[in-house]
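J.: Quick one: sequence and predicted model below, then my questions.
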Amino acid sequence: MLLTADQLTSLRIDLQSLAGIKYEPILAELLDHYATLTEQHMDTGLSFGDASKWAWNDLGQGEGIQQIQDDYIANIQQQIRSRHLAIVKSYFRWPAFLTTALVGMLVYLVVPLLPADITRYVLLAVVFIPTFIMVWLERKLKNEPTSQRFLILEYMANHNKQHVNAVVISANFWLILIDDHHSHFLQAYSTFIMVVCMLMVLYTVSFVQLLNERFDFRTTIA
Amino acid sequence: MYVYGMSTSPNSQLLKGSLSVMILRLLEGRDRMYGYEITQKVKKLTAGEMTVTEGALYPALHKLEAEGLLTTETQVVDGRARKYYSLTKTGQTEAAGRVAELTTFLENLNLVLNLKPSL
(Lines give C-alpha, C1' and ligand atoms only; values in the text may rest on other atoms or scores of the structure.)
Protein backbone atom coordinates (compact mmCIF):
# COMPACT_ATOMS: atom_id res chain seq x y z
CA MET A 1 0.00 0.00 0.00
CA LEU A 2 1.49 3.32 -1.08
CA LEU A 3 1.61 6.23 1.34
CA THR A 4 -0.03 9.54 0.56
CA ALA A 5 1.88 12.83 0.53
CA ASP A 6 0.37 13.75 3.91
CA GLN A 7 1.43 10.44 5.44
CA LEU A 8 4.97 10.93 4.12
CA THR A 9 5.00 14.41 5.65
CA SER A 10 3.90 12.93 8.95
CA LEU A 11 6.77 10.41 8.88
CA ARG A 12 9.21 13.18 7.95
CA ILE A 13 8.04 15.19 10.96
CA ASP A 14 8.57 12.12 13.20
CA LEU A 15 12.17 11.85 12.05
CA GLN A 16 12.80 15.56 12.52
CA SER A 17 11.03 16.09 15.82
CA LEU A 18 11.37 12.75 17.62
CA ALA A 19 14.84 11.78 16.44
CA GLY A 20 16.27 15.23 15.71
CA ILE A 21 17.29 14.36 12.14
CA LYS A 22 18.29 17.64 10.49
CA TYR A 23 20.67 16.71 7.67
CA GLU A 24 18.80 16.37 4.41
CA PRO A 25 20.75 13.44 2.87
CA ILE A 26 20.25 11.28 5.97
CA LEU A 27 16.66 12.49 6.38
CA ALA A 28 15.76 11.50 2.80
CA GLU A 29 17.37 8.09 3.16
CA LEU A 30 15.73 7.33 6.51
CA LEU A 31 12.38 8.61 5.31
CA ASP A 32 12.43 6.12 2.46
CA HIS A 33 13.32 3.31 4.86
CA TYR A 34 10.70 4.38 7.41
CA ALA A 35 8.06 4.71 4.70
CA THR A 36 8.85 1.30 3.21
CA LEU A 37 8.63 -0.33 6.65
CA THR A 38 5.32 1.43 7.31
CA GLU A 39 3.94 0.24 3.96
CA GLN A 40 4.98 -3.33 4.78
CA HIS A 41 3.09 -3.19 8.08
CA MET A 42 0.06 -1.59 6.41
CA ASP A 43 0.01 -4.50 3.96
CA THR A 44 -0.70 -6.78 6.93
CA GLY A 45 -3.89 -4.83 7.62
CA LEU A 46 -2.68 -2.28 10.17
CA SER A 47 -3.81 1.36 10.05
CA PHE A 48 -1.25 4.00 9.13
CA GLY A 49 -0.95 5.08 12.78
CA ASP A 50 -0.24 1.57 14.08
CA ALA A 51 1.94 0.64 11.13
CA SER A 52 4.13 3.72 11.58
CA LYS A 53 4.54 2.92 15.30
CA TRP A 54 5.77 -0.58 14.45
CA ALA A 55 8.02 0.83 11.75
CA TRP A 56 9.44 3.38 14.19
CA ASN A 57 10.23 0.55 16.56
CA ASP A 58 11.86 -1.49 13.77
CA LEU A 59 13.92 1.50 12.78
CA GLY A 60 15.47 1.69 16.22
CA GLN A 61 13.32 4.46 17.75
CA GLY A 62 14.67 7.94 18.49
CA GLU A 63 18.01 7.01 20.02
CA GLY A 64 18.90 4.40 17.42
CA ILE A 65 18.00 6.74 14.58
CA GLN A 66 20.00 9.59 16.10
CA GLN A 67 22.99 7.28 16.21
CA ILE A 68 22.76 6.88 12.43
CA GLN A 69 22.90 10.66 12.05
CA ASP A 70 25.80 10.90 14.51
CA ASP A 71 27.74 8.33 12.49
CA TYR A 72 26.93 10.23 9.30
CA ILE A 73 28.20 13.50 10.80
CA ALA A 74 31.35 11.83 12.10
CA ASN A 75 31.94 10.34 8.67
CA ILE A 76 31.53 13.67 6.87
CA GLN A 77 33.66 15.50 9.45
CA GLN A 78 36.42 12.95 8.97
CA GLN A 79 36.29 13.55 5.22
CA ILE A 80 36.36 17.32 5.73
CA ARG A 81 39.41 17.06 8.03
CA SER A 82 41.32 14.78 5.65
CA ARG A 83 40.51 16.90 2.63
CA HIS A 84 41.42 20.15 4.38
CA LEU A 85 44.74 18.73 5.48
CA ALA A 86 45.45 17.62 1.91
CA ILE A 87 44.53 21.09 0.59
CA VAL A 88 46.74 22.87 3.13
CA LYS A 89 49.63 20.50 2.38
CA SER A 90 49.23 21.14 -1.35
CA TYR A 91 49.60 24.91 -0.72
CA PHE A 92 52.58 24.77 1.57
CA ARG A 93 55.14 23.51 -0.89
CA TRP A 94 58.26 25.16 -2.28
CA PRO A 95 56.51 27.37 -4.91
CA ALA A 96 54.41 28.95 -2.15
CA PHE A 97 57.41 29.39 0.14
CA LEU A 98 59.52 30.80 -2.70
CA THR A 99 56.78 33.29 -3.67
CA THR A 100 56.36 34.28 -0.01
CA ALA A 101 60.12 34.79 0.35
CA LEU A 102 60.25 36.87 -2.84
CA VAL A 103 57.31 39.03 -1.71
CA GLY A 104 59.02 39.48 1.65
CA MET A 105 62.24 40.51 -0.08
CA LEU A 106 60.36 42.91 -2.37
CA VAL A 107 58.65 44.53 0.63
CA TYR A 108 62.00 44.84 2.40
CA LEU A 109 63.46 46.66 -0.61
CA VAL A 110 60.43 48.85 -1.36
CA VAL A 111 59.53 50.05 2.16
CA PRO A 112 62.53 52.43 2.51
CA LEU A 113 61.43 54.12 -0.73
CA LEU A 114 57.91 54.85 0.57
CA PRO A 115 56.80 57.48 3.07
CA ALA A 116 56.27 55.90 6.50
CA ASP A 117 52.58 56.91 6.59
CA ILE A 118 51.84 55.10 3.34
CA THR A 119 53.59 51.97 4.65
CA ARG A 120 51.54 52.08 7.86
CA TYR A 121 48.23 52.40 5.98
CA VAL A 122 49.12 49.67 3.52
CA LEU A 123 50.05 47.34 6.38
CA LEU A 124 46.85 48.12 8.22
CA ALA A 125 44.88 47.28 5.08
CA VAL A 126 46.83 44.10 4.31
CA VAL A 127 46.38 42.52 7.73
CA PHE A 128 42.61 42.68 7.32
CA ILE A 129 42.61 40.60 4.11
CA PRO A 130 42.48 37.11 5.78
CA THR A 131 39.73 38.31 8.11
CA PHE A 132 37.74 39.78 5.23
CA ILE A 133 37.97 36.50 3.33
CA MET A 134 36.84 34.55 6.39
CA VAL A 135 33.93 36.89 7.16
CA TRP A 136 32.81 36.77 3.50
CA LEU A 137 32.99 32.97 3.58
CA GLU A 138 31.01 32.68 6.80
CA ARG A 139 28.29 34.97 5.45
CA LYS A 140 28.16 32.99 2.23
CA LEU A 141 27.76 29.72 4.13
CA LYS A 142 25.08 31.13 6.42
CA ASN A 143 23.08 32.38 3.44
CA GLU A 144 23.16 29.01 1.69
CA PRO A 145 22.59 26.47 4.45
CA THR A 146 22.95 22.91 3.23
CA SER A 147 24.02 19.97 5.34
CA GLN A 148 27.54 19.97 3.98
CA ARG A 149 27.99 23.74 4.20
CA PHE A 150 26.72 23.71 7.76
CA LEU A 151 29.28 21.06 8.71
CA ILE A 152 32.06 23.02 6.97
CA LEU A 153 30.95 26.15 8.83
CA GLU A 154 31.23 24.26 12.11
CA TYR A 155 34.64 22.96 11.11
CA MET A 156 35.78 26.47 10.15
CA ALA A 157 34.56 27.87 13.46
CA ASN A 158 36.73 25.32 15.25
CA HIS A 159 39.79 25.60 13.05
CA ASN A 160 40.16 29.05 11.58
CA LYS A 161 42.85 31.13 13.17
CA GLN A 162 40.93 34.34 13.76
CA HIS A 163 42.70 34.83 17.07
CA VAL A 164 46.02 34.94 15.16
CA ASN A 165 44.47 37.52 12.82
CA ALA A 166 43.32 39.52 15.84
CA VAL A 167 46.84 39.54 17.31
CA VAL A 168 48.40 40.64 14.01
CA ILE A 169 45.77 43.33 13.46
CA SER A 170 46.08 44.75 16.98
CA ALA A 171 49.89 44.65 16.74
CA ASN A 172 49.65 46.83 13.66
CA PHE A 173 47.80 49.57 15.48
CA TRP A 174 50.97 50.16 17.52
CA LEU A 175 52.64 51.25 14.29
CA ILE A 176 50.80 54.57 14.62
CA LEU A 177 52.90 55.31 17.68
CA ILE A 178 56.17 54.71 15.86
CA ASP A 179 57.71 57.85 14.48
CA ASP A 180 59.69 58.22 11.28
CA HIS A 181 63.05 57.78 13.06
CA HIS A 182 62.42 54.05 13.38
CA SER A 183 62.57 53.33 9.66
CA HIS A 184 64.71 50.19 10.08
CA PHE A 185 62.18 48.72 12.47
CA LEU A 186 59.35 49.59 10.09
CA GLN A 187 61.21 47.96 7.20
CA ALA A 188 61.83 44.70 9.10
CA TYR A 189 58.36 44.71 10.63
CA SER A 190 56.65 45.26 7.27
CA THR A 191 58.55 42.32 5.80
CA PHE A 192 57.59 40.08 8.71
CA ILE A 193 53.93 41.12 8.58
CA MET A 194 53.76 40.62 4.83
CA VAL A 195 55.14 37.07 5.13
CA VAL A 196 52.72 36.23 7.98
CA CYS A 197 49.81 37.64 5.98
CA MET A 198 50.74 35.67 2.87
CA LEU A 199 50.73 32.45 4.90
CA MET A 200 47.46 33.37 6.58
CA VAL A 201 45.83 34.21 3.25
CA LEU A 202 46.90 30.81 1.92
CA TYR A 203 45.40 29.12 4.97
CA THR A 204 42.19 31.12 4.61
CA VAL A 205 41.92 30.35 0.89
CA SER A 206 42.16 26.65 1.78
CA PHE A 207 38.71 27.03 3.39
CA VAL A 208 37.37 28.56 0.17
CA GLN A 209 38.60 25.51 -1.73
CA LEU A 210 37.17 23.23 0.95
CA LEU A 211 33.80 24.84 0.40
CA ASN A 212 33.85 23.78 -3.23
CA GLU A 213 34.56 20.16 -2.39
CA ARG A 214 31.70 17.69 -2.20
CA PHE A 215 31.47 15.24 0.68
CA ASP A 216 27.85 14.23 0.51
CA PHE A 217 25.40 14.78 -2.34
CA ARG A 218 27.87 12.94 -4.54
CA THR A 219 24.82 11.04 -5.57
CA THR A 220 23.44 11.57 -9.06
CA ILE A 221 19.74 12.07 -9.67
CA ALA A 222 18.37 9.35 -11.92
CA MET B 1 19.79 -15.52 15.53
CA TYR B 2 22.58 -13.08 14.66
CA VAL B 3 21.90 -9.37 14.79
CA TYR B 4 24.16 -6.84 13.11
CA GLY B 5 23.33 -3.93 15.35
CA MET B 6 24.63 -1.51 17.89
CA SER B 7 24.87 -4.08 20.66
CA THR B 8 28.30 -4.47 22.23
CA SER B 9 27.90 -8.17 22.91
CA PRO B 10 30.85 -10.37 21.82
CA ASN B 11 28.69 -11.88 19.05
CA SER B 12 27.80 -8.48 17.69
CA GLN B 13 31.40 -7.27 17.76
CA LEU B 14 32.54 -10.46 16.03
CA LEU B 15 30.00 -10.04 13.27
CA LYS B 16 30.38 -6.28 12.83
CA GLY B 17 33.58 -6.51 10.83
CA SER B 18 32.01 -8.77 8.26
CA LEU B 19 29.03 -6.51 7.51
CA SER B 20 30.89 -4.43 4.94
CA VAL B 21 32.01 -7.62 3.18
CA MET B 22 28.41 -8.82 3.11
CA ILE B 23 27.26 -5.53 1.57
CA LEU B 24 30.01 -5.66 -1.05
CA ARG B 25 29.15 -9.27 -1.86
CA LEU B 26 25.43 -8.52 -2.20
CA LEU B 27 26.15 -5.62 -4.54
CA GLU B 28 28.52 -7.75 -6.60
CA GLY B 29 25.60 -9.73 -7.87
CA ARG B 30 23.30 -6.78 -8.46
CA ASP B 31 23.30 -3.54 -10.42
CA ARG B 32 22.22 -1.49 -7.42
CA MET B 33 20.38 -1.85 -4.12
CA TYR B 34 18.86 0.48 -1.54
CA GLY B 35 19.08 0.23 2.26
CA TYR B 36 15.81 -1.50 3.00
CA GLU B 37 16.38 -3.93 0.15
CA ILE B 38 19.74 -4.97 1.62
CA THR B 39 18.22 -5.71 5.05
CA GLN B 40 15.50 -7.80 3.45
CA LYS B 41 17.93 -9.66 1.20
CA VAL B 42 20.08 -10.68 4.18
CA LYS B 43 16.99 -11.78 6.09
CA LYS B 44 15.77 -13.83 3.13
CA LEU B 45 19.13 -15.44 2.36
CA THR B 46 19.57 -16.54 5.97
CA ALA B 47 15.93 -17.53 6.44
CA GLY B 48 15.56 -14.90 9.14
CA GLU B 49 18.58 -16.14 11.12
CA MET B 50 20.50 -12.94 10.52
CA THR B 51 19.17 -9.41 10.88
CA VAL B 52 20.97 -6.24 9.87
CA THR B 53 19.69 -3.28 11.87
CA GLU B 54 19.47 0.15 10.30
CA GLY B 55 21.85 1.45 12.95
CA ALA B 56 24.57 -0.85 11.63
CA LEU B 57 23.67 -0.80 7.94
CA TYR B 58 23.69 2.92 7.14
CA PRO B 59 26.99 3.78 8.86
CA ALA B 60 28.56 0.84 7.01
CA LEU B 61 27.12 2.02 3.68
CA HIS B 62 28.27 5.61 4.29
CA LYS B 63 31.75 4.42 5.23
CA LEU B 64 32.04 2.32 2.08
CA GLU B 65 30.83 5.30 0.05
CA ALA B 66 33.43 7.54 1.70
CA GLU B 67 36.12 4.98 0.89
CA GLY B 68 35.10 5.23 -2.76
CA LEU B 69 33.94 1.61 -2.96
CA LEU B 70 30.29 2.51 -3.48
CA THR B 71 28.62 5.13 -5.58
CA THR B 72 25.05 6.31 -5.21
CA GLU B 73 22.21 7.61 -7.29
CA THR B 74 18.89 8.96 -6.14
CA GLN B 75 15.61 8.26 -7.84
CA VAL B 76 12.14 9.42 -6.87
CA VAL B 77 10.06 6.30 -6.16
CA ASP B 78 6.49 6.42 -4.81
CA GLY B 79 6.79 10.12 -4.05
CA ARG B 80 10.04 9.94 -2.08
CA ALA B 81 13.73 10.00 -2.83
CA ARG B 82 15.36 6.58 -2.84
CA LYS B 83 19.12 6.28 -2.65
CA TYR B 84 20.58 3.36 -4.56
CA TYR B 85 24.07 2.03 -3.92
CA SER B 86 26.24 0.30 -6.46
CA LEU B 87 29.86 -0.81 -6.64
CA THR B 88 32.47 1.44 -8.18
CA LYS B 89 35.30 -0.08 -10.25
CA THR B 90 37.50 -0.03 -7.15
CA GLY B 91 34.62 -1.50 -5.17
CA GLN B 92 34.36 -4.44 -7.55
CA THR B 93 38.03 -5.28 -7.16
CA GLU B 94 37.91 -4.70 -3.41
CA ALA B 95 34.77 -6.84 -3.05
CA ALA B 96 36.43 -9.85 -4.64
CA GLY B 97 39.49 -9.42 -2.42
CA ARG B 98 37.57 -8.95 0.82
CA VAL B 99 35.22 -11.87 0.13
CA ALA B 100 38.19 -14.15 -0.58
CA GLU B 101 39.92 -12.93 2.58
CA LEU B 102 36.87 -13.52 4.77
CA THR B 103 36.24 -16.94 3.20
CA THR B 104 39.81 -18.02 3.94
CA PHE B 105 39.48 -16.71 7.49
CA LEU B 106 36.22 -18.62 8.02
CA GLU B 107 37.73 -21.83 6.60
CA ASN B 108 40.67 -21.54 8.97
CA LEU B 109 38.39 -20.69 11.88
CA ASN B 110 36.32 -23.72 11.02
CA LEU B 111 39.39 -25.94 11.05
CA VAL B 112 40.28 -24.73 14.54
CA LEU B 113 36.75 -25.01 15.86
CA ASN B 114 36.40 -28.54 14.51
CA LEU B 115 39.63 -29.65 16.11
CA LYS B 116 39.16 -33.00 17.78
CA PRO B 117 40.14 -33.12 21.50
CA SER B 118 42.66 -35.92 20.86
CA LEU B 119 44.62 -33.67 18.46
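T.: Now that the structure is in, tell me what you want to look at.

J.: now for the longest helix anywhere in chain A, which elements pack on it?
T.: Scanning chain A for the helix with the most residues, using DSSP state H, yields helix A:61-91. On a contact count with 3 or more CB pairs under 8 Å, 6 or more residues apart in numbering or on different chains; DSSP states H and E, helix A:61-91 meets helix A:24-42, helix A:147-159, helix A:183-211, helix B:54-66. All C-beta spots, glycine's among them, are computed from the backbone N, C-alpha and C.

J.: Residue A:88: which of these is closest?
T.: For the helices and strands packed on helix A:61-91, proximity to residue A:88 was assessed by CB to CB; helix A:183-211 is nearest, at 5.0 Å.

J.: Give me the helices and strands touching that closest one, please.
T.: helix A:61-91, helix A:94-110, helix A:116-126, helix A:129-143, helix A:147-159, helix A:162-173.

J.: Just send those helices back as JSON lines, with mean neighbour count too.
T.: Below are the helices and strands packed on helix A:183-211 laid out as JSON lines (neighbours: other CB atoms under 10 Å in any protein chain shown):
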{"stretch": "helix A:61-91", "mean neighbour count": "16"}
{"stretch": "helix A:94-110", "mean neighbour count": "14"}
{"stretch": "helix A:116-126", "mean neighbour count": "16"}
{"stretch": "helix A:129-143", "mean neighbour count": "15"}
{"stretch": "helix A:147-159", "mean neighbour count": "16"}
{"stretch": "helix A:162-173", "mean neighbour count": "14"}
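
J.: Mean pLDDT lowest where, among those helices?
T.: For those, the bottom mean pLDDT is recorded on helix A:162-173, which sits at a mean of 72.

J.: mind checking pLDDT for residue B:11?
T.: The predicted local confidence for residue B:11 is 57.

J.: Over to the one 5 residues further on?
T.: In the prediction, the pLDDT value recorded for residue B:16 is 67.

J.: if I pick residue 90, what's in contact with it?
T.: Chain wasn't specified; assuming chain A. Applying CB atoms under 8 Å, 6 or more residues apart in numbering or on different chains, we find residue A:90 in contact with no residue.

J.: my bad, chain B
T.: Counting by CB under 8 Å, 6+ apart, residue B:90 has contacts B:68-69.

J.: want to try JSON lines for the helices and strands packed on helix A:183-211, with distance to residue A:39 as columns?
T.: Conversion of the helices and strands packed on helix A:183-211 to JSON lines gives the following (distance: least, CB to CB, whole Å):
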{"stretch": "helix A:61-91", "distance to residue A:39": "18"}
{"stretch": "helix A:94-110", "distance to residue A:39": "56"}
{"stretch": "helix A:116-126", "distance to residue A:39": "62"}
{"stretch": "helix A:129-143", "distance to residue A:39": "38"}
{"stretch": "helix A:147-159", "distance to residue A:39": "26"}
{"stretch": "helix A:162-173", "distance to residue A:39": "50"}
